[in-house]
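K.L.:
Just to be clear, the model below is a prediction. Sequence and coordinates:
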Amino acid sequence: MKPAILHTALIQHPCEADPAANRATTADAIRKAASRGAQLVLLQELHATPYFCQVEDTANFDLAEPVPGPTTDWLAELAAELKLVIVGSLFERRDAGLYHNTTVVLDHGRLAGRYRKMHIPDDPGYHEKFYFTPGDLGFAPVDTSVGRLGVLVCWDQWFPEAARLMSLAGAQLLLYPTAIGWDPADDADEKARQLEAWVTVQRGHAVANALPLLACNRCGFEARPGDDAAGIAFWGNSFACGPQGEVLARADDAPRTTVLSCDIDMARSEAVRRIWPFLRDRRIDAYEDLLLRYRDGTADEK
């Protein structure tokens, strides 16, 4: 029987160069979360390594691994021992020259499913198109013992279509493992605008779909290889919100390991959707232009 109140935990932490050290940090934090009663633990994006996408370097493909593989085996053991669901993130090697940014869901030791990141950015400091093939598994929730999880990844969080499609497939909770931060050259006002935009757009997805949402971001400064003065200051601020966008818990941006615990009332979506029936009132007969890259010209010119 799935819980009415779901005890969740989000784990954000700085990443060291040594994957073994990061794994130890993650394992300790998962155990701490379990000791607090967590039934679902969400980890940050690519939690085993520094964010290698700051540069294009073919040697970084050596970080990739198969699924199932070492990371899924390790997380499965923890999930089985601690009797919980763990949502982890890794660099998936599908074949030579074919790699994905993949989230895996381990349910009490079982690999319940995976999601391959669909939207792949290519921005200054985020050269993900060099490394990751766009996902080909679609927007399919993963069924687990704690509910149907709509798992998305980082850049996906800026696209309302992704959250909507997960909702339309019956997702009961939206989850976003994330790696996003500031350019140290940005001034304080610009940093504040970026962070607020990140929180606001995700709260909007929760509201528009009447679903609770968890976003887990990494923290700490990571220098760009070859240039210690440049890099990304990952802003942390992992948070959980309810189906009306209400913030239930939020971490800060401190460069330390944080286990953010939050109880989610899984029954609230039903109540909210009864008074705000967005799915009922969608004009699916009038949305065909959403399949266009851009609407060139007016409707009369078509």
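P.N.:
Cool, got the structure.
K.L.:
what's the neighbour count on Asp123?
P.N.:
10 (other C-beta atoms under 10 Å). Every residue, glycine included, has its C-beta placed from N, CA and C.
K.L.:
quick one: low-confidence ranges for the protein?
P.N.:
Along the chain, the parts satisfying pLDDT under 70 run over 1, 298-302.
K.L.:
Which residue ranges of the stretch 151-300 of the chain form helices?
P.N.:
For the stretch 151-300 of the chain, helices defined by DSSP state H, counting those that start in this stretch occupy the ranges 160-168, 188-209, 268-275, 278-281.
K.L.:
now for those helices, which one comes closest to Asn22?
P.N.:
In this view, the helices of the stretch 151-300 of the chain are compared for proximity to Asn22 by C-beta to C-beta, and helix 188-209 is the closest at 23.2 Å.
K.L.:
Show me what counts as buried in that closest one.
P.N.:
Burial within helix 188-209, assessed by neighbour count using 16 or more other C-beta atoms under 10 Å, is assigned to 191, 194-195, 198-199, 202-203, 205-209.
K.L.:
Using TSV, lay out the helices of the stretch 151-300 of the chain together with distance to Leu175.
P.N.:
Compiled in TSV, the helices of the stretch 151-300 of the chain are given as follows (distance: least, C-beta to C-beta, whole Å):
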stretch	distance to Leu175
helix 160-168	9
helix 188-209	11
helix 268-275	15
helix 278-281	20
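K.L.:
Show residues contacting stretch 183-202.
P.N.:
With contact meaning C-beta atoms under 8 Å, 6 or more residues apart in numbering, stretch 183-202 is reached by 124-125, 157-158, 176, 180, 182, 213, 215, 221, 229-233, 235, 237, 239, 241, 247.
K.L.:
Write the PyMOL selection for whichever of those are buried.
P.N.:
The command below creates a PyMOL selection of those among these that count as buried (16+ other C-beta under 10 Å):
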select buried, resi 125+157+176+180+182+213+215+231+232+233+235+237+239+241
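K.L.:
Touching, Thr26 and Leu43? I think so.
P.N.:
Yes. Using C-beta atoms under 8 Å, Thr26 is in contact with Leu43, at 6.4 Å.
K.L.:
joint contacts of those two?
P.N.:
Ile11.
K.L.:
Any idea how many residues pack against Asp263?
P.N.:
The number of residues packed near Asp263 is 16, by other C-beta under 10 Å.
K.L.:
That one bridge partners, please.
P.N.:
Beta bridges link Asp263 to His7, judged by DSSP bridges.
K.L.:
Going by residue numbers, what spans are strands in the stretch 1-150 of the chain?
P.N.:
Listed in chain order, the strands of the stretch 1-150 of the chain (DSSP state E, counting those that start in this stretch) span residues 5-12, 40-43, 85-95, 98-107, 110-116, 122-123, 126-127, 142-144, 147-151.
K.L.:
List the buried residues of the first one.
P.N.:
Buried residues in strand 5-12, counting neighbours by 16+ other C-beta under 10 Å, are found at 6-12.
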